[in-house]
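S.K.: model this:
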Amino acid sequence: MLLVIDVGNTNTVLGIYQGKDLIRDWRIRTERNTTEDEFNLLAAGLFAGSNIRTRDVRATIISSVVPPMVNILDTFCRKYLNHAPHWVDAKSASGMPILYSNPAEVGADRIVNAVGAYEKYRCALIVIDFGTATTFDAISAKGEYLGGAISPGIFISAEALFMKASKLPRVEIFSAPSAVIGKDTGGSMQSGIIYGYAGLVDGIVNRMRKEMDSPVKVIATGGLAPLMSDVCENIEASESDLTLEGLRIIYEKLRDR
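M.R.: Below you'll find the model as predicted:
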């Protein structure tokens, strides 16, 4: 079995693969102050609840944008899984040229998403990941990582509004209001946050499309991808397991070198 782990600033996603099949996945909070022993207790509990034996995990691959988690997870793998994990960086995706001016600056999560998306669609793509930050990644029809854009995530933007506007309440942003014109303060805030963010997404995608020299497919991933796919004009597909798939693909390419 292969353990894949994507460490984000807010959430960490784990998945277990048997060959090409994702047999179980979990989303947990990213805890920067945990220890390898505490992480093992959590992981062992998740595995046991799905009848997965720790000793059956033969390899691990990790992408992380949280530096403090690197030593924790590296030690966890060596101590409890009896192997060193593979870490994703620009060199791991050797099959995908990274055309950033400094490839080492590209976040591991963005590389993984690009690899997973291109492996599935084999065309020019814009991949939008709705995480703590919202990232837009452009992949050419030849499978080159061209670059992209990074904007504050929906929750970061909403939290700034709640904190700085003392009379505005916190509102639910996991569903879109039925109308853009809100009839109360809560509805107006929901509309502004969700439809306003949809405008940001569509605006960036339209500008990126003009800079790319071929027809482009636009896909979304991340926790809010299903919601934003419904309100954005340009998103054509939502891929909830894209990051995990990208990790599996990169591992297989590394194994077969």
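S.K.: V171 touches S188, doesn't it?
M.R.: No: if you go by CB atoms under 8 Å, V171 and S188 don't touch, sitting 9.2 Å apart. Any C-beta I mention is one placed from the backbone N, CA and C, and that applies to glycine too.
S.K.: the two: which is more packed in?
M.R.: V171 (19 against 16; other CB atoms under 10 Å).
S.K.: got the buried residues for whichever helix in the chain runs longest?
M.R.: For the chain, the helix reaching the highest residue count under DSSP state H is reported as helix 185-211. Residues 187-195, 197-198, 200-202, 204-205, 208-209 are the ones in helix 185-211 that count as buried (16 or more other CB atoms under 10 Å).
S.K.: wait, what's in contact with G187?
M.R.: G187 sits next to P177, A179 when contact means CB atoms under 8 Å, 6 or more residues apart in numbering.
S.K.: one more time with 10 Å, if that's ok
M.R.: V171, P177, S178, A179, V180, I181 (CB atoms under 10 Å, 6 or more residues apart in numbering).
S.K.: with V70 instead?
M.R.: V7, I62, S64, P85, W87.
S.K.: any idea which element it lies in?
M.R.: helix 68-76 (DSSP states H and E).
S.K.: cool, M163 as well?
M.R.: Under the assignment here (DSSP H and E), M163 is part of helix 154-164.
S.K.: a strand runs through P177, doesn't it?
M.R.: No: the assignment for P177, made by DSSP: H, G, I helix; E, B strand; the rest coil, is coil rather than a strand.
S.K.: any chance you could map the helices in this protein?
M.R.: 36-49, 68-76, 108-121, 154-164, 185-211, 225-231, 242-255.
S.K.: just the buried residues of the fourth one, please?
M.R.: Taking 16+ other CB under 10 Å as the neighbour-count basis, helix 154-164 is seen to contain the buried residues I154, F155, S157, A158.
S.K.: of those, closest to R78?
M.R.: Within the buried residues of helix 154-164, proximity to R78 (CB to CB) peaks at F155, which comes in at 33.8 Å.
S.K.: give me the pLDDT value at the closest one.
M.R.: Note for F155: predicted pLDDT of 86.
S.K.: state the distance from it to A133.
M.R.: Look at F155 and A133: by CB to CB, to the nearest Å, they are 10 Å apart.
S.K.: okay, and the common contacts of these two?
M.R.: Residues touching both F155 and A133 (CB under 10 Å, 6+ apart): T10.
S.K.: how about P97, what does it touch?
M.R.: With CB under 10 Å, 6+ apart, P97 has these contacts: A90, P103, S140, K142, G143, E144, Y145, L146.
S.K.: let's see that with 6 Å instead.
M.R.: Contacts for P97 (CB atoms under 6 Å, 6 or more residues apart in numbering) come out as E144.
S.K.: ok, I249 next?
M.R.: Applying CB under 6 Å, 6+ apart, the residues contacting I249 are V115, E119.
S.K.: how far does stretch 211-220 sit from the chain's center?
M.R.: Mean-position distance between stretch 211-220 and its chain equals 19 Å (CA atoms, centre = their mean, to the nearest Å).
S.K.: and for that stretch, what's in contact with it?
M.R.: Residues outside stretch 211-220 that contact it (CB under 6 Å, 6+ apart): 117, 121, 123-128, 141, 205, 209, 229, 234-239.
S.K.: filter the residues you listed to the buried ones?
M.R.: Applying 16+ other CB under 10 Å to those, the neighbour count classes 117, 121, 124-128, 205, 209, 229, 234-235, 238-239 as buried.
S.K.: how about F47: what's its closest non-neighbour residue?
M.R.: T54 (5.8 Å; CB to CB, 6 or more residues apart in numbering).
S.K.: what's the neighbour count on the residue nearest to N9 when sequence neighbours are not counted?
M.R.: Excluding the flanking residues, the one nearest N9 by CB to CB, 6+ apart is T132, at 4.0 Å. Look at T132: counted by other CB under 10 Å, it has 20 neighbours.
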